[in-house]
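>>> Let's see this in three dimensions:
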Amino acid sequence: MIMSHIDQCKLVTQALTAGWIKPGPDGMPLAPRFAGLAAVLSHQNQGNQGAGLTGGKQQEDLFGDMLTYCDGRFSQTGSPVVQDADYYFDGYPLSHKTIGYSGVGDLALA
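Next up, the predicted model:
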């Protein structure tokens, strides 16, 4: 059965929410841990040439790792391969974007 785009998005949202509150090895939710790591990456690259692209790629990789750790339905590969997909949810392609300015922004998935 093929799911509608809206139904697939709802499943992705539920998985993301569950992943953010999932406890890490220390029992604390993963959200603050990954948000802190993303901030470290942003500060590490701040002021360096190409830092926007480098930091963005590092944060994208970190988020992809978090997703695959939290829920087995997320993966780095999918079939068919979609050119702009950063990761997949049950084979459904997702593109990771950070929107905002000056290195501060909100995550958007397309």
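
>>> use CA for all of it now, contacts and neighbours both
Will do.

>>> and the longest helix anywhere in the chain, what does it pack onto?
What stands out as the longest helix in the chain, according to DSSP state H, is helix 51-70. Helices and strands touching helix 51-70, by 3 or more CA pairs under 8 Å, 6 or more residues apart in numbering; DSSP states H and E, are helix 5-21, helix 30-45, strand 74-75.

>>> Just want the angle from it to helix 30-45.
160 degrees (axes from the mean of the first three to the mean of the last three CA atoms, to 10 degrees).

>>> Worst mean pLDDT among the helices and strands packed on helix 51-70?
Among the helices and strands packed on helix 51-70, helix 30-45 carries the lowest mean pLDDT, a mean of 76.

>>> what angle separates that helix from helix 5-21?
Using the same axes, to 10 degrees, helix 30-45 lies at 90 degrees relative to helix 5-21.

>>> for Y88, what are its contacts?
73-78, 94 (CA atoms under 8 Å, 6 or more residues apart in numbering).

>>> Kindly indicate whether it is helix, strand or coil.
strand (DSSP: H, G, I helix; E, B strand; the rest coil).

>>> pLDDT score assigned to it?
On the pLDDT scale, Y88 gets 90.

>>> beta partners for it?
S75, P93 (DSSP bridges).

>>> still on that earlier bit, okay, the longest helix of the chain in PDB with CA atoms only?
Provided in PDB are the C-alpha atoms of helix 51-70 (Å, rounded to 0.1, in the frame of the first residue of the first chain):
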ATOM      1  CA  ALA A  51      32.500  27.500   7.700                       C
ATOM      2  CA  GLY A  52      28.800  27.800   6.700                       C
ATOM      3  CA  LEU A  53      29.100  24.900   4.300                       C
ATOM      4  CA  THR A  54      31.400  22.800   6.500                       C
ATOM      5  CA  GLY A  55      29.400  23.400   9.700                       C
ATOM      6  CA  GLY A  56      26.100  22.800   7.900                       C
ATOM      7  CA  LYS A  57      27.400  19.500   6.500                       C
ATOM      8  CA  GLN A  58      28.700  18.400   9.900                       C
ATOM      9  CA  GLN A  59      25.400  19.300  11.600                       C
ATOM     10  CA  GLU A  60      23.500  17.400   8.800                       C
ATOM     11  CA  ASP A  61      25.800  14.300   9.400                       C
ATOM     12  CA  LEU A  62      25.200  14.600  13.200                       C
ATOM     13  CA  PHE A  63      21.500  14.800  12.800                       C
ATOM     14  CA  GLY A  64      21.500  11.800  10.300                       C
ATOM     15  CA  ASP A  65      23.500   9.800  12.900                       C
ATOM     16  CA  MET A  66      21.000  10.700  15.600                       C
ATOM     17  CA  LEU A  67      18.100   9.600  13.500                       C
ATOM     18  CA  THR A  68      19.600   6.300  12.500                       C
ATOM     19  CA  TYR A  69      20.600   5.700  16.200                       C
ATOM     20  CA  CYS A  70      17.000   6.500  17.400                       C
END
